[in-house]
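J.: sequence? don't have it. structure:
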C-alpha cells in the first residue's frame, strides 16, 4: 500500500478526515445491510422519529445537506419500502410532510445502535472526544460559510 506523504498539515488533515468519513460510512453500511437501508436513510429515520409531527422535503433537505430533488428520490424509495408515509399538510395543498410508518419506526429502533461507530470512536477518551467535537464544530462552521457562496 502506498503511504501518502503530505505537502502540508492542512492538506493531510483534510485527507485524513475524508478517509475517516469513508471508512466510518462503510462500517455503518455493513451494519445496516441486514435492515436494507443506507446510512442516509437511517439518518432520515432518526430525524423523523425525533420530530414526531413530520417534516417537509425542504426541512429534510436542509438537515441532510442534500438538494430537494435528490432527497425526493430517496423519500419516494423509502415510501415504496413502507418506511415513511407522505401526508398532505392541508387538503388541496401541494406541500407534503413525511412521517414514519410502523415499519419505519421498527426499522429505526433496530438500527439505533451504532456498534461500529461506537467501536471506532472508542479510541478517543471522553476528554479527547469533547475536544474533537469542538474542533469539528469550528471547522464545520467555517466551511458552511463557503458553502453559501
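T.: Structure received. Keep in mind that this is a model prediction, so the values were computed, not measured.

J.: show me where the protein has strands.
T.: In the chain, the strands defined using DSSP state E lie at 55-56, 84-88, 96-100.

J.: quick one, which of those gets closest to residue 12.
T.: Comparing those against residue 12 with CB to CB, the closest turns out to be strand 55-56 (37.9 Å). In short, each C-beta sits where N, CA and C put it, glycine included.

J.: and the closest one, which strands flank it?
T.: Its sheet considered, strand 55-56 pairs with strand 96-100 (antiparallel) by DSSP bridges.

J.: could you give the angle of the partner strand to strand 84-88?
T.: Angle, strand 96-100 to strand 84-88, by axes from the mean of the first three to the mean of the last three CA atoms, to 10 degrees: 150 degrees.

J.: can you read off the pLDDT for the closest residue to residue 4 other than its chain neighbours?
T.: Residue nearest to residue 4 in three dimensions, not counting chain neighbours: residue 15, with 6.2 Å by CB to CB, 6 or more residues apart in numbering. For residue 15, the model assigns a pLDDT of 89.

J.: and if you look at residue 149?
T.: For residue 149, the pLDDT comes out at 58.

J.: surely residue 24 and residue 118 touch.
T.: No: at 11.1 Å, residue 24 does not count as touching residue 118 under the criterion of CB atoms under 8 Å.

J.: who's more crowded, those two?
T.: Between residue 24 and residue 118, counted using other CB atoms under 10 Å, the more crowded position is residue 24 (16 against 9).

J.: now do the contacts for that one.
T.: Contacts for residue 24 (CB atoms under 8 Å, 6 or more residues apart in numbering) come out as 116-117, 120.
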